[in-house]
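*Asks:* let's see this in three dimensions:
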Amino acid sequence: DTRPKGLSVRFSCEGGDYVVTGIAKGAGMLRPDMATMLAYLATDAAVEQSVLQGMLAGVVEASFHRITVDGDTSTNDACVLLATGEAGNSLVQDAKSPLYRALYEAVEEVCVTLAQGLVRDGEGASKFVTVQVNGGGDQQECLDVAFTIAHSPLVKTALFASDPNWGRLLAAIGRAGVRDLRVELIGVYLNDVLIAENGCRAGSYTEEQGVAAMAPQEIIIRIELNRGDASAAVWTSDFSYDYVRINAEYRT
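*Replies:* Coordinates of the predicted model:
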């Protein structure tokens, strides 16, 4: 880790004031389920243990299970959420109550911010990348496409080179395991620039547009599958010379 990752969120609900605070560490081998990372969160709300566990499971699925730095996984990971009850509220036992929903949103905000922070501090990372997949038949196939793109060494090195390589993106989509995929329906965007459609380079696309889209340190790769209404996003980083150096020089 090269920087701290922490956040506190304060909110009010039904006349009470509450806080959620979290910290996390991790910079490599970040691939669902979580490893290798540690995250610790606490709230001053009073929440029944089983309700709190269900909350954490849902939030982790939408945050720490949506990141990857290099696709590798280790056995050393944990995400812990404590509820101290110091706020003095009545024990939250109903997952449909206003306080539960408000607390859920605060915990999710903290976890998403921490998860993205892990990616931003990924080993050797020079770019923060959102892979957004829309129009899937279900969420799982959207995730399969997003993670195949995010794990691809060829895509990740193209990101480092600021190379708008639409062929590498289409190749990753094609091997994501989506059944009956129709490549002629797929649209591939870098930020808001359409770079590929109908299985090839978009007619309106210019190299100058692609270079400009790849220049920022934060990039959105958007895939439109056009086969349903599901969507999903994951967050990743590029592969740089520093990533290779860090892991080549590291000795156990």
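*Asks:* contacts, neighbours, all on C-alpha from now
*Replies:* Will do.
*Asks:* could you look up the SS state of V112?
*Replies:* At V112 the chain is in helix, as set by DSSP: H, G, I helix; E, B strand; the rest coil.
*Asks:* could you give me the average pLDDT of stretch 81-100?
*Replies:* Average pLDDT, stretch 81-100: 97.
*Asks:* stretch 170-185 too?
*Replies:* What stretch 170-185 shows for mean pLDDT is 96.
*Asks:* what about that stretch, how long is it end to end?
*Replies:* 12 Å (C-alpha to C-alpha, to the nearest Å).
*Asks:* all helices of the chain, in order?
*Replies:* Here the chain has its helices, by DSSP state H, at 49-61, 98-120, 139-151, 153-160, 166-174, 207-214, 241-249.
*Asks:* show me what the fourth one is packed against.
*Replies:* Other helices and strands packing on helix 153-160, by 3 or more C-alpha pairs under 8 Å, 6 or more residues apart in numbering; DSSP states H and E, are helix 166-174.
*Asks:* just want the angle from the helix it packs on to helix 207-214.
*Replies:* Orientation check (axes from the mean of the first three to the mean of the last three C-alpha atoms, to 10 degrees): helix 166-174 against helix 207-214 gives 60 degrees.
*Asks:* what's in contact with helix 166-174?
*Replies:* Contacts of helix 166-174 from elsewhere in the structure, counted by C-alpha atoms under 8 Å, 6 or more residues apart in numbering, are 145, 148-149, 152, 154-155, 181, 183, 188, 195-196, 199-201.
*Asks:* mind picking the lowest-pLDDT entry from the residues you listed?
*Replies:* Ranked by pLDDT, the contacts of helix 166-174 bottom out at G199, which has 88.
*Asks:* what's the separation between that residue and G135?
*Replies:* From G199 across to G135, the span is 16 Å (C-alpha to C-alpha).
*Asks:* neighbour count: these two, which is higher?
*Replies:* Between G199 and G135, G135 has the larger neighbour count (other C-alpha atoms under 10 Å), namely 19 against 16.
*Asks:* returning to what we had before: tell me which of the helices of the chain sits nearest to A27.
*Replies:* Nearest of these to A27, taken as C-alpha to C-alpha: helix 98-120 at 5.7 Å.
*Asks:* mind listing what's buried along that closest one?
*Replies:* By 16 or more other C-alpha atoms under 10 Å, the buried positions in helix 98-120 come out as 99-100, 103-120.
*Asks:* what is that helix packed up against?
*Replies:* Using 3+ C-alpha pairs under 8 Å, 6+ apart, helix 98-120 is in contact with strand 5-13, strand 16-25, helix 49-61, strand 67-68, strand 230-237.
*Asks:* how far does that helix sit from the chain's center?
*Replies:* Remark: helix 98-120 is offset 12 Å from the chain centroid, using C-alpha atoms, centre = their mean, to the nearest Å.
*Asks:* what's that helix in contact with?
*Replies:* Residues from elsewhere that reach helix 98-120 (C-alpha under 8 Å, 6+ apart): 5-11, 13-14, 20-27, 55-56, 59-60, 62-64, 67-69, 92, 94-95, 125, 127-128, 235-237.
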